[in-house]
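Novice: just a sequence and a predicted model for now, questions to come.
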Amino acid sequence: MKIALIGNQNCGKTTLFNRLTGENAHVGNFPGVTVEGKSGIVKGHKDIIIVDLPGIYSLRPYSSEEIVSRDFIVNEKPDVLLNIVDATNLERNLYLTVQLIEMRVPMVLALNMMDEVRAGGGVIDVGELSRGLGIPVVPISAAKNEGMQELFTEVADAASLKKVPLVKDMCHRGPVHRCIHSLSHMVEDHAERVGISPRFAAMKLIEGDSEFVGRLGLSQNELESAEHLVTEMETEGRLDRNAALAKMRYDFIEEVMRTAVKKSGDSPEKKRSEKIDRVLTHRFFAIPIFLLIMLGVFYLTFNVIGSFLSDLLALGVDRVIEFVDKTLTGWDINPAVRSLVVDGALSGIGSVLSFLPIIVVLFFFLSLLEDTGYMARVSFVMDKALRALGLSGRSFVPMIIGFGCTVPAVMATRTLPSDRDRKMTMLLLPFMSCSAKIPIYAVFSAAFFPHRGALVMFSMYIIGMAVGVLAALVMNKVAFKGTSAPFVMELPNYRFPTPKTTFRMMWDKAKGFIEKAFTVIFAASIIIWFLTSFDSRLNYTADNSVSILAMAARKISPIFAPLGFGDFRAVIALISGFSAKEAVVSTLGVLLGASSSELPLALSGIFTPLSAFSFLIFNLLYTPCVAAIASYRKEMSTVGSFGVIFMQCVVAWIASFAVFNLGGLILTLF
Amino acid sequence: MKLDKFKVGERCRVTEVGGEGELRIRLLDMGIIPGTEIEIVKYAPMGDPVQLSLRGYELTLRRSDISIIEADKI
């Protein structure tokens, strides 16, 4: 048996999914589309699969989520729809329900957050609601785990008895009624051939869902008379087709609610939300509070918890590597093989795994902010600032995360409503200087700008953002013409997330990251190891300066000469920075034979202050590390991720060229 | 009067949803149809977007987008 779980955003759908599946969910993309969906086995029922469809407000074919959901129901024909609604926001939530009823497939309504309705003094007559809608209704509280057994029984019942909704008509006498019924009769045969309800087909005809109507195979004649009927409805009812359908549905909902809702009252959560918003979206306090919250999250993630756990993990990884190294040396294994295992595989995975705690901790905080409802407020507060770049407020949070680490930032773009906004936000992330670049800035500041370290550091962030703004403006003109998706966003009530949902999400993120570490990043580490450990005659060498990478670096170093750092060692450092930005500093140390305390002095042998600054600019802007590129590959495409590498390198080259040559000009003039 | 001309705290009843395309359909789907009562709750700190209260929930929209909505004060 297959259950499709469907509902609005912010109605507790994920919580219900987790309740029903226990631990047996797996995240994966729906076939053929990029929208993420989850499916899982219902707890205690091995033969029942539940598919979590994206959170949507309507079934109109405007966003990929809506199309995915519609196609899933029509093509995959789940045995039953489990529609979850927020009982504290019943009217708007039932709009999707009405559209689902129109599809005339077995369905059950889960009336979530009934505890909140009761606490606010509201009374909903579940029996009346069920009669009015013609479908079984079960009051539940997913957060408090109430009503699950009753819900499951109803769902299984509806599926096995194929209980289609009893209510067929949602339209009263009038032009809309006449139009829908005439069309239903007209398309009856076509609809039955495709296996959908004639009424649903009629609705799609009126809505003008051309892609879907195409599947019905109507003749030109039929299409014309359908259009004629719809135009007649518009003139008679003095409302155009879209407004007429929306009105018909909402009128039906209002009528059902008049009999079913015995007493209405604002839930305590709603009253509390109003109070909290008086502070959090306050005219003057909103932005400072937001900055403080983000600062707190960053401090805790990168300085306190995350870094502590990362250091601990790194220590463990070092121990393992040390142990393996000693063992292999003891066995007198071929040094090349030992190096492959120790320097290639283990250090590569180890350096990436040490990011894991940071990512998990960061996502813990972000999911707290998201699930409590605060992220929606951030989008509301920051929208105007981002509109200038052709984006919406929802892009702000991923960008902020980008200052920490590009990997979770790319993953966080999932929450964006439109594909265009998602792609554009992802492409802007490399301009937010990630925290792994801080050691590079620190070493070079110490070597060349000893008294202006903070200024250099600050200028890197500012230059990165400035170039990012320029890039956004160019993207708007060239690649992402048109406007950002309409900003239509609900402000949900503030709620405490359930620990289960939060930890489940953290686990999913961690799992995804570990998978990446052992696939893409593993392969990349091996390749880089090979290039640094063998010379051009494929002899194993411990001397970095004769390796294939060094040869290649010497070959391509003229490209970097106009930027002021044509030295092959600088180029090797940049190439190894692709595996992880921290590697830039360590590679320079190895190549110059300098310990970390001697490094600043050694650097002045191959850099001048100007070329050092140019080198920093290049590091700021050039390709994100392999872990980030792996995330891009997952979220965009392989071609797209190579595009990111190429574009960032070009942008970095131009910026460094400008800095080095304009800087040189200014220095000679003054 | 256009919806973006109302002041914070004022209530109104929608008479017409103009405009076209995706935005208009989204507004209709979210329950902004002729007859719907709307309260202007607040503007974001930078003056845009605007928070509306309708049908028992809170919706945020951009100022330029709500100018396609005609409403009467109540």
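Specialist: Everything's here; your move.

Novice: just confirm B:Ser67 contacts B:Val17, I think it does.
Specialist: No: with contacts counted by CB atoms under 8 Å, B:Ser67 stays clear of B:Val17, the gap being 11.4 Å. Bear in mind the C-beta positions are built from the backbone N, C-alpha and C, glycine included.

Novice: contact residues of chain B facing chain A?
Specialist: B:17, B:22-31, B:33-36, B:42, B:44-49, B:51, B:55-62, B:65 (CB under 8 Å from any CB of the partner chain).

Novice: repeat that with 7 Å
Specialist: Chain B comes close to chain A at residues B:17, B:22-31, B:33-34, B:42, B:44-49, B:51, B:55-62, B:65, as judged by CB under 7 Å from any CB of the partner chain.

Novice: buried among those? Need that as a selection in PyMOL.
Specialist: Typed into PyMOL, the line below selects the buried ones among the residues of chain B next to chain A, using 16 or more other CB atoms under 10 Å in any protein chain shown:
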select buried, chain B and resi 17+23+24+25+26+27+28+29+30+31+33+34+42+44+45+48+49+51+55+56+57+58+59+60+61+62+65
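
Novice: helices - which of the residues of chain B next to chain A land there?
Specialist: Using DSSP state H, the members of those that fall in helices are B:22-29, B:65.

Novice: hmm, which two among those are most spread apart?
Specialist: Farthest apart among those by CB to CB are B:Asp29 and B:Asp65. That separation is 14.0 Å.

Novice: what segments of chain A are strands?
Specialist: A:2-7, A:25-29, A:36-41, A:49-52, A:80-86, A:107-112, A:123-124, A:137-139, A:261-263, A:488-490 (DSSP state E).

Novice: Throw the ones you listed into JSON lines and include distance to chain B, thanks.
Specialist: Below are the strands of chain A laid out as JSON lines (distance: least, CB to the nearest CB, whole Å):
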{"stretch": "strand A:2-7", "distance to chain B": "14"}
{"stretch": "strand A:25-29", "distance to chain B": "24"}
{"stretch": "strand A:36-41", "distance to chain B": "22"}
{"stretch": "strand A:49-52", "distance to chain B": "21"}
{"stretch": "strand A:80-86", "distance to chain B": "9"}
{"stretch": "strand A:107-112", "distance to chain B": "15"}
{"stretch": "strand A:123-124", "distance to chain B": "13"}
{"stretch": "strand A:137-139", "distance to chain B": "18"}
{"stretch": "strand A:261-263", "distance to chain B": "10"}
{"stretch": "strand A:488-490", "distance to chain B": "5"}
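
Novice: lowest-confidence stretch among the ones you listed?
Specialist: Ranked on mean pLDDT, the bottom entry among the strands of chain A is strand A:25-29, at a mean of 52.

Novice: domain map for chain A?
Specialist: A:2-160, A:175-238, A:516-537+A:544-669 (automatic domain parsing).

Novice: in CSV: the ones you listed, plus mean neighbour count.
Specialist: Formatted as CSV, the domains of chain A follow (neighbours: other CB atoms under 10 Å in any protein chain shown):
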stretch, mean neighbour count
domain A:2-160, 20
domain A:175-238, 17
domain A:516-537+A:544-669, 18
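
Novice: which one, of those domains, ends up nearest to A:Leu280?
Specialist: Across the domains of chain A, the minimum distance to A:Leu280, taken as CB to CB, is reached by domain A:2-160, at 16.7 Å.

Novice: mind checking the end-to-end distance for that closest one?
Specialist: Using CA to CA, to the nearest Å, one end of domain A:2-160 lies 11 Å from the other.

Novice: just give me how far it sits from the chain centre.
Specialist: 22 Å (CA atoms, centre = their mean, to the nearest Å).

Novice: what do you get for stretch A:250-260?
Specialist: On CA atoms, centre = their mean, the centre of stretch A:250-260 falls 36 Å from that of its chain.

Novice: show residues contacting that stretch.
Specialist: Outside stretch A:250-260, the residues that touch it by CB atoms under 7 Å, 6 or more residues apart in numbering or on different chains are A:90-91, A:94-95, A:98, A:124-125, A:128-129, A:132-133, A:170, B:31, B:33.

Novice: relative to A:His190, which of those is nearest.
Specialist: A:Met170 (21.8 Å).

Novice: burial of the closest one, as a residue count?
Specialist: Neighbour count for A:Met170, taken as other CB atoms under 10 Å in any protein chain shown: 21.

Novice: and the closest residue to it other than its chain neighbours, how many neighbours?
Specialist: Distances taken as CB to CB, 6 or more residues apart in numbering or on different chains place A:Phe252 nearest to A:Met170, at 4.1 Å, with adjacent residues excluded. By other CB under 10 Å, the residues close to A:Phe252 number 21.

Novice: B:Leu54 now?
Specialist: 19.

Novice: so it sits right up against B:Ile38, yeah?
Specialist: Yes: B:Leu54 is within contact range of B:Ile38, at 4.7 Å (criterion: CB atoms under 7 Å).

Novice: and the helices in the stretch 51-200 of chain A, which stretches?
Specialist: All helices of the stretch 51-200 of chain A, identified by DSSP state H, counting those that start in this stretch, fall at A:64-71, A:90-102, A:114-119, A:126-133, A:148-160, A:175-194, A:198-207.
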